[in-house]
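Peer 1: Structure for this input, please:
(2 chains)
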Amino acid sequence: MTDQPLLSVRDLRTYFHTFSGTVKAVDGVSFEIGQGEVMGLVGESGGGKSVVGFSILGLIDSPGKIEGGEILLNGKDLAAASEAELREVRGREISMVFQDPMTSLNPLHTVGRQMDEVLRLHTDLDAKARQTACVEMLESVGISRAAERLKAYPHQFSGGMRQRVVIAIALLARPRLIIADEPTTALDVTIQSQILKLMRSQIAEKGASMILITHDLAVVSEMADHITVLYCGKVVERGHTRDLIEAPSHPYTRGLIDSIPDTENRHERLSQVPGTVPDIRNLPKGCNFQDRCPRAQALCAEQEPALAPQHGSLYAACHFPLKPGEAA
Amino acid sequence: MTDTPMLDVRDLQMHFPIGGGLLDRLRVGAGGIRFDNPVVHAVNGVSFKIARGAIMALVGESGCGKSTVAKTIARIYKPTAGEVQVEGEDIAGYGFADLLPVRARMQMIFQDPYASLNPRQRVRDIVAEPLLEQTKGAQDRKDVPRRIEELLARVGLNAEHAGRYPHQFSGGQRQRIGIARALSVTPGLIIADEPVSALDVSIQAQILNLMKDLRDEFGLAYLFISHDLSVVNHIADQVGVMYLGFLVEHAPRDVLFKRPRHPYTRALLSAAPSIKEKRDTEEIVLSGEVPSALSLPSGCCFRTRCPFAWERCAQERPVLQDVGDGQTVACHLIDEPERDKV
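Peer 2: Numbers count the residues shown, from 1 in each chain, chains lettered A, B, ... in the order given. Next up is the predicted model:
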């Protein structure tokens, strides 16, 4: 690992200006990813995790806007880059894998043409070399008879196979960072484990880094080196995977982990995080999690907690963080 | 009638012809012209019982027929063959009018809380609809508003919510409305088709707890359809594992999770991601994908992906056999355990 991180996001703020108020979907998010690292970005629906992914690639459309912050890829600020510069980055240096492989592939073009496009735009290989590269890539993601399958259309593949194609496209130009937004959520569990294994081996082989965006803590804990937890557009906790899963310090992370049914020590009732996510247009003063938090006190309604170091590798934004072994 | 199970499904089969026009089905072959009659074999002889107050879960991957079983039992579909006995009464052949009294004993909760509530009805009308369908006397109908209020309170909503429309609620709250609607006619059996899979994990825990509480309070039986093994492990008493329309293993929960016997169950359990660092379960990695239900493989339906498959599996279809502790497994490995190594 070099001293400079591959990607460094600093105080990113992405707002959506709607008629019913400003939605601060991402509000002061910072994190770093080193070469070859996998970072998990976790949170519930509406936490802003997908918007972080889109912001990095400059895919925020009106009424959304990146209001501030820096997105440094090897020292170059993508938040300030022009559209032409971003087009060079997308697919070449950073590529994206979306949740639904049916809608992220073009149904009117063959798989081969969609793969070829990446190489045509980002490399100067001739047609023959591009064809060979596509076949090799399809084979490496586990699709047999690759040369033949290049002529097939997306609907001729099953869901798992389509996601393999999407991953192949994402890896084709040998990007340094892959943003995977819920890559296995639409897939069955046996297919999910195949795809996760594939992504892990491909990333290790190609030396790429990855941001894995998901709501599934179990998937993240098997894949990621470190985890960032988002709640209402803010980072509430981050740290190394095992530290965060085994002894989280933020009550929200604790609540998320405890909501997962435990297969070994079964309890009659699941512990639940009470209530629901607050309306993001109308967030409370102080800590966003106060209404659902079992540890909330008067201070939480007054002052917003800042991200501060906790035990181990953890950082959490909480006035009354949990110590290891302490219940929520 | 105390010994009669709440639900007794016997050899249920559901086949869907996927017709198409005459020209689509036209085949010209060596023997002249013939017409194909493609049939999707969604459910191929499934049998199980659910006792009063018990929770039976059906698990499997997409396309395994678990939702079709649920919808056939709820008589949204008419079964191709087999019996569906609700408290001893076979409803498999019932027509629309015969089914009305049955619906007071059996209700359904759906997966998608966005699609399963009428967006143009207020919550109070949504919840009241099945109840009004079942109460005919004017006097009884007077009680309906009070009953609706009780139901909403029971599922964690308040009276103020009754006048709102579904779009004003979050996913978890909508699922509560769906549960209140199902409870309105005080059924003995609730068929829940993936009731929590569209919800965030913290909300999922709330709904699972609510369903468990309601079971204890009203003595409900559930048929719980899910693809999520950790949810099933939490809520079910009995678990059936389905693959391509067949029940391949059926056991009490603890037996199934501690000692799965069918290779498919073992693969499912080892593929499920976990927040635990180490797994002690063996890894059976499945290659390939589920074959088409249009043309089932000969013999065992799982043989195309099974790491243990040998000749017998292609020739002979295994049937469920009892292996003790209430566990039944449909696999030839039970007869020839020496082949059970990769």
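
Peer 1: C-alpha only now, for contacts and for neighbours.
Peer 2: Will do.

Peer 1: Could you list the low-confidence segments of the stretch 1-150 of chain A?
Peer 2: Confidence mapping of the stretch 1-150 of chain A against pLDDT under 70 gives the ranges A:1-3.

Peer 1: any idea which element A:Lys151 lies in?
Peer 2: Assigned by DSSP states H and E, A:Lys151 falls within no helix or strand.

Peer 1: quick one: it from chain B, how far?
Peer 2: Relative to chain B, A:Lys151 is positioned 21 Å away (Cα to the nearest Cα, to the nearest Å).

Peer 1: go on, A:Leu59?
Peer 2: 25 Å.

Peer 1: if I've got this straight, that residue is in a helix?
Peer 2: No - judged by DSSP: H, G, I helix; E, B strand; the rest coil, A:Leu59 forms no part of a helix; its state is coil.

Peer 1: Counting neighbours, what do you get for it?
Peer 2: 16 (other Cα atoms under 10 Å in any protein chain shown).

Peer 1: again with B:Asp3
Peer 2: B:Asp3: 9 neighbours (other Cα under 10 Å).

Peer 1: Those residues of the stretch 101-250 of chain B touching chain A, which are they?
Peer 2: By the rule Cα under 8 Å from any Cα of the partner chain, the part of the stretch 101-250 of chain B lying against chain A is B:200-206, B:208-209, B:227, B:230-231, B:233-234.

Peer 1: where exactly do the helices run in the stretch 1-150 of chain A?
Peer 2: A:49-56, A:83-89, A:101-104, A:111-122, A:127-140, A:146-149 (DSSP state H, counting those that start in this stretch).

Peer 1: And the residue nearest the centre of chain B, its phi and psi?
Peer 2: The centroid of chain B falls nearest to B:Ile225 when counting by Cα atoms, centre = their mean (3.4 Å). Backbone geometry at B:Ile225, expressed as degrees, to the nearest 10, gives phi -100, psi 130.

Peer 1: separation between it and chain A?
Peer 2: Taken as Cα to the nearest Cα, the span from B:Ile225 to chain A is 15 Å.

Peer 1: For that residue, list the residues it contacts.
Peer 2: Listed by Cα atoms under 8 Å, 6 or more residues apart in numbering or on different chains, the contact partners of B:Ile225 are B:57-59, B:66-67, B:70, B:191-195.

Peer 1: ok, now A:Pro154?
Peer 2: A:102, A:105-107, A:109-111, A:162.

Peer 1: now it: how far from A:Gly48?
Peer 2: Remark: distance between A:Pro154 and A:Gly48 (Cα to Cα, to the nearest Å) = 30 Å.

Peer 1: Kindly report the same for B:Arg176.
Peer 2: For B:Arg176 relative to A:Gly48 (Cα to Cα), the value is 25 Å.

Peer 1: next one: A:Gln272
Peer 2: From A:Gln272 to A:Gly48 the distance is 22 Å (Cα to Cα).

Peer 1: quick one: which of the contacts of A:Pro154 has the most company?
Peer 2: A:Val111 (25 neighbours).

Peer 1: That one and A:Lys151 touch, don't they?
Peer 2: Yes - if you go by Cα atoms under 8 Å, A:Val111 and A:Lys151 touch, sitting 6.5 Å apart.

Peer 1: got the end-to-end distance for stretch A:295-309?
Peer 2: 19 Å.

Peer 1: Now do that stretch: everything it contacts.
Peer 2: Contacts for stretch A:295-309 (Cα under 8 Å, 6+ apart): A:235-237, A:251, A:284-287, A:290, A:315-320, A:328.

Peer 1: let's see 10 Å
Peer 2: Defining contact as Cα atoms under 10 Å, 6 or more residues apart in numbering or on different chains, one finds that stretch A:295-309 is touched by A:234-239, A:249, A:251, A:284-291, A:293, A:314-322, A:328.

Peer 1: With stretch B:121-131 instead?
Peer 2: Under Cα under 10 Å, 6+ apart, the answer for stretch B:121-131 is B:100, B:103-104, B:107, B:117-120, B:132, B:141, B:144-145, B:147-149, B:151-152, B:159, B:161-166, B:174, B:177-186.

Peer 1: Quick check: mean pLDDT of it?
Peer 2: Across stretch B:121-131, pLDDT averages out at 93.

Peer 1: swap in stretch A:270-280?
Peer 2: Rounded mean pLDDT across stretch A:270-280 is 83.

Peer 1: Could you check that stretch and say which residues are buried?
Peer 2: A:270-273, A:277, A:280 (16 or more other Cα atoms under 10 Å in any protein chain shown).

Peer 1: now do the same end-to-end measure for that stretch.
Peer 2: 27 Å.

Peer 1: just how off-centre is it within its chain?
Peer 2: 22 Å (Cα atoms, centre = their mean, to the nearest Å).

Peer 1: And chain B, is it touching that?
Peer 2: Yes - using Cα under 10 Å from any Cα of the partner chain, stretch A:270-280 comes into contact with chain B via A:270-277.

Peer 1: Now secondary structure and distance to B:Arg124 too, for those, in JSON lines please.
Peer 2: Converted to JSON lines, the residues of stretch A:270-280 next to chain B look like this (DSSP: H, G, I helix; E, B strand; the rest coil; distance: Cα to Cα, whole Å):
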{"residue": "A:Leu270", "secondary structure": "coil", "distance to B:Arg124": "29"}
{"residue": "A:Ser271", "secondary structure": "coil", "distance to B:Arg124": "30"}
{"residue": "A:Gln272", "secondary structure": "coil", "distance to B:Arg124": "27"}
{"residue": "A:Val273", "secondary structure": "coil", "distance to B:Arg124": "27"}
{"residue": "A:Pro274", "secondary structure": "coil", "distance to B:Arg124": "24"}
{"residue": "A:Gly275", "secondary structure": "coil", "distance to B:Arg124": "22"}
{"residue": "A:Thr276", "secondary structure": "coil", "distance to B:Arg124": "22"}
{"residue": "A:Val277", "secondary structure": "coil", "distance to B:Arg124": "25"}
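
Peer 1: my guess is B:His262 meets B:Pro337, correct?
Peer 2: No - B:His262 lies out of contact with B:Pro337 (Cα atoms under 10 Å); the separation is 11.5 Å.

Peer 1: Who has more neighbours out of those two?
Peer 2: B:His262 (22 against 9).

Peer 1: how far away is the more buried one from B:Tyr243?
Peer 2: Applying Cα to Cα to B:His262 and B:Tyr243 gives a distance of 11 Å.

Peer 1: Now do the shared contacts for the two.
Peer 2: With Cα under 10 Å, 6+ apart as the test, B:His262 and B:Tyr243 both reach B:249, B:302.

Peer 1: Show the contacting residues for A:Arg87.
Peer 2: Taking Cα under 10 Å, 6+ apart, one finds A:57-58, A:81, A:93, A:121-122 in contact with A:Arg87.

Peer 1: how far away is it from A:Ala168?
Peer 2: 19 Å.

Peer 1: For chain B, what's its nearest residue on the stretch 1-150 of chain A.
Peer 2: A:Glu44 (6.0 Å; Cα to the nearest Cα).

Peer 1: For A:Val165, which three-state class applies?
Peer 2: Under three-state DSSP, A:Val165 comes out as helix.

Peer 1: isn't B:Val231 right up against A:Asp262?
Peer 2: Yes - using Cα under 10 Å, B:Val231 makes contact with A:Asp262 at a distance of 9.0 Å.
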